[in-house]
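> need the 3D shape of this:
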Amino acid sequence: MRTALYLMIASMLLFFTACDVVDSTSDRSEVSNISENLISQTLERGGPPSAGNTIVDIAAGNEDFSILVDAVVFAGLDGALSSRRQLTVFAPTDDAFIALLEALELTPEELFVEENKDLIRSILLYHVAPGNRDSGAVTTSDQINTLQGFFIKVKEENGSFLVGNDENGFAEIIAVDINASNGVIHVIDSVMLPPSENDDNGDNGNGDEPADQSIVEIAAGNEDFSILVDAVVFAGLVDVLDGNRQFTVFAPTNDAFVALLETLELTAEELFAEGNEELVRNILLYHVAPGNRPAADVVSSTRIRTMNRSFVFVDEENGDFFVGNDNGFAQIVATDIFARNGVIHVIDAVMLP
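Predicted coordinates for the structure are as follows:
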């Protein structure tokens, strides 16, 4: 195991230190871009630092996490982990880091050098998931998306729960539910290494469509979204929602669009008439948020910034979740339809900005 760890980390170190220019078509470059986008969105959405007992505060106050804290500061992630954004951190102990360093035959000082910063940042982001996921949410999950852009798998063995991936191994969860003002910490006994390719389950969250389809492809393959797809085409947003950037889409069903059209006393043809492109585009962009936000992240939020530069607000009522604003709210009726470039949550009404 230590030999495998050494070979993997050594190859990653060589990659980052030997290459001045990274091929933008490579998997590693895509992961780096995803990480930068997600963490910048986390900082943007999070606002000022959360007061007292943040994830960083708790880790800094526990001597078992001293190397983790050093790594977080070195990678420039202390601001993100101190913001108001709710996060779940799988925190390796000092013993976990020491085991990794021994496998690499390195000291922390030798590992924490400038040319290794991107590598360490990527590894740390693989230990952070959006949203506040307590132990119950973690142990009932099969996989959890991370801010690094790749999934960690969750499995149970002899009553113990493990997180990681098939390629590079699993860490045991040894303590849970250390609550912070901006999320929760679960302690693990080894450092998880990201896989070379996304280690997901190959579906869209419902077990139906392959996860390598784009948001547009998934919507186009579902007859309940035919009007939404027509609107996306009309507004010229196909290329945006079919690209590589990660998005969260709150997708109104056909019934939602029909209800809106009846209220407006319009047909779809009249709405999608020349001259209305900007109006439709603005409405659609209000249904799109930057970054991949699974349901756990959405329902733990109070508001979410959208691509039309205004917020949708998240509300809970009798166990149901709604998104919208003073113009009305839509109920979230299905969640976590994963695409290669994000996630779709289905809503029962069209939200008006």
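> could you use CA atoms for every contact and neighbour count after this?
Noted.
> residues in a beta bridge with Val288, which ones?
Val249 (DSSP bridges).
> so who does it touch?
247-250, 306-307 (CA atoms under 8 Å, 6 or more residues apart in numbering).
> one more pass at 10 Å, please.
With contact set as CA atoms under 10 Å, 6 or more residues apart in numbering, Val288 has these partners: 241, 247-251, 304-308, 312, 344.
> from those residues, pick the one nearest Leu266.
Ranked by distance to Leu266 (CA to CA), the contacts of Val288 are led by Ala251 at 20.4 Å.
> right, and the closest one touches Val323 too?
No: the pair formed by Ala251 and Val323 falls short of the contact definition of CA atoms under 10 Å, at 11.4 Å.
> which residues are common contacts for these two?
Here Ala251 and Val323 share the contacting residues 287, 332, 347, 349, 351, scored by CA under 10 Å, 6+ apart.
> Phe321 in helix, strand or coil?
Secondary structure, DSSP: H, G, I helix; E, B strand; the rest coil: Phe321 is strand.
> narrow the contacts of Val288 to those in helices?
Cross-referencing those against helices under DSSP state H gives Leu241.
> need the contacts of Val288 in a markdown table with distance to Leu77, can you?
Output for the contacts of Val288, formatted as a markdown table (distance: CA to CA, whole Å):
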| residue | distance to Leu77 |
| --- | --- |
| Leu241 | 29 |
| Phe247 | 22 |
| Thr248 | 23 |
| Val249 | 27 |
| Phe250 | 29 |
| Ala251 | 32 |
| Ile304 | 21 |
| Arg305 | 21 |
| Thr306 | 24 |
| Met307 | 25 |
| Asn308 | 27 |
| Val312 | 27 |
| Ile344 | 28 |
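> show me which of the contacts of Val288 is closest to Glu223.
For these, the nearest to Glu223 is Ala251 (12.6 Å; CA to CA).
> all helices for the stretch 251-353 of the chain, in order.
Counting by DSSP state H, counting those that start in this stretch, the stretch 251-353 of the chain has helices at residues 254-264, 268-271, 277-285, 295-299.
> for those helices, give me CSV that also has mean neighbour count and mean pLDDT.
Converted to CSV, the helices of the stretch 251-353 of the chain look like this (neighbours: other CA atoms under 10 Å; pLDDT from 0 to 100):
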stretch, mean neighbour count, mean pLDDT
helix 254-264, 15, 93
helix 268-271, 13, 90
helix 277-285, 18, 95
helix 295-299, 19, 84
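> closest one to Asn132 among those helices?
In terms of CA to CA, the element of the helices of the stretch 251-353 of the chain nearest to Asn132 is helix 295-299, at 7.1 Å.
> now distance to Ser214 too, for the helices of the stretch 251-353 of the chain, in a markdown table please.
Converted to a markdown table, those look like this (distance: least, CA to CA, whole Å):
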| stretch | distance to Ser214 |
| --- | --- |
| helix 254-264 | 20 |
| helix 268-271 | 25 |
| helix 277-285 | 17 |
| helix 295-299 | 18 |
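> nearest to His186, out of the ones you listed?
Closest to His186 of the helices of the stretch 251-353 of the chain is helix 295-299 (CA to CA; 16.2 Å).
> show me what the closest one is packed up against.
strand 128-130, strand 311-317, strand 320-325, strand 328-339, strand 342-347 (3 or more CA pairs under 10 Å, 6 or more residues apart in numbering; DSSP states H and E).
> of all these, which lies closest to Leu260?
Ranking the helices and strands packed on helix 295-299 by their distance to Leu260 (criterion: CA to CA) puts strand 328-339 first, at 11.9 Å.
> need the distance between the two termini of stretch 107-125.
21 Å (CA to CA, to the nearest Å).
> same thing with stretch 174-188?
With CA to CA as the measure, stretch 174-188 spans 6 Å from end to end.
> and for stretch 237-257?
18 Å.
> please state the offset of that stretch from the chain centre?
17 Å (CA atoms, centre = their mean, to the nearest Å).
> name the residue closest to the centre of this protein, please.
Centroid-nearest residue in the chain, with CA atoms, centre = their mean: Asn292, separated by 4.4 Å.
> so what's it scoring on pLDDT?
Note on Asn292: pLDDT of 84.
> got the phi/psi numbers for it?
For Asn292, the backbone dihedrals (degrees, to the nearest 10) come out as phi -100, psi 110.
> how close does it get to Arg245?
Distance of Asn292 to Arg245, computed by CA to CA: 9 Å.
> next one: Arg121
20 Å.
> for Ser66, same thing?
35 Å.
> show me where pLDDT drops low in the stretch 51-200 of the chain?
Along the stretch 51-200 of the chain, the parts satisfying pLDDT under 70 run over 51-52, 197-200.
> helices of that one, start to end?
55-60, 66-74, 94-104, 108-111, 117-125, 135-139.
> now these in TSV, with distance to Val258?
TSV is the format used below for these (distance: least, CA to CA, whole Å):
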stretch	distance to Val258
helix 55-60	45
helix 66-74	49
helix 94-104	55
helix 108-111	58
helix 117-125	42
helix 135-139	36
